[in-house]
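Trainee: coordinates only, sequence not included:
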């Protein structure tokens, strides 16, 4: 897995079943929406884009809205935001874009390696200290765009447990004498995706 430094990463993700490179980080946000809509044979107004709600994304949000596409804003958890693209029929989300933590981008790539889908990531540096962190991690091309299989080069197992409820997983539920949680367990080698429910007795 890519040893991503503790910096930001610009991310773009879509689900499985699309031609490689259909959308790229070098495209403006509106062009990404248009390209995906054309491939799906629908209007841009039928596309839903998930974006992390942050001031740094205001211009991106405005541009996506100008296409007529819907936006699902999330307050945190962009790993889950990327994963939503892989199950668009269930989540209603077709694309994820925005800037968040670089280590989280690698985790999201690991999830998509199991679930299917495409992700591109490009490191974003705010100062010389962050560039020095990248150099320490062995990264020399600061403008490189990493695709999913470049961020995660071998087979992986990915597990996530719902703490607060969301579209992918329900949150922890407390009942008299029990605590119940649900875990998503996936393996890239087999493409298996399992949802397991655990009940733990509480004294």
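Mentor: It's in. Quick caveat: nothing in here was measured; it's all calculated off a predicted structure.
Trainee: Can you tell me the strand partners of the helix or strand where residue 121 lies and which way each runs?
Mentor: Assigned by DSSP states H and E, residue 121 belongs to strand 118-124. Using DSSP bridges, the strands paired with strand 118-124 are strand 8-14 (antiparallel), strand 145-147 (antiparallel).
Trainee: So for residue 176, which of these sits nearest?
Mentor: Nearest to residue 176, of all those, is strand 8-14, at 40.7 Å by C-beta to C-beta. Just so you know, the C-beta spots here come from the backbone N, C-alpha and C atoms, and that holds for glycine as well.
Trainee: Past the closest one, which element shows up next along the chain?
Mentor: helix 29-40.
Trainee: Okay, buried residues for that next one please.
Mentor: The neighbour-count check on helix 29-40 (16 or more other C-beta atoms under 10 Å) flags 29-30, 32-37 as buried.
Trainee: Can you tell me which of the residues you listed lies closest to residue 8?
Mentor: For the buried residues of helix 29-40, the nearest to residue 8 is residue 29 (17.0 Å; C-beta to C-beta).
Trainee: The chain: strands as residue ranges?
Mentor: 8-14, 48-52, 70-74, 95-101, 118-124, 145-147, 157-161, 173-175, 178-187, 192-201 (DSSP state E).
Trainee: Thanks again, I'm all set now.
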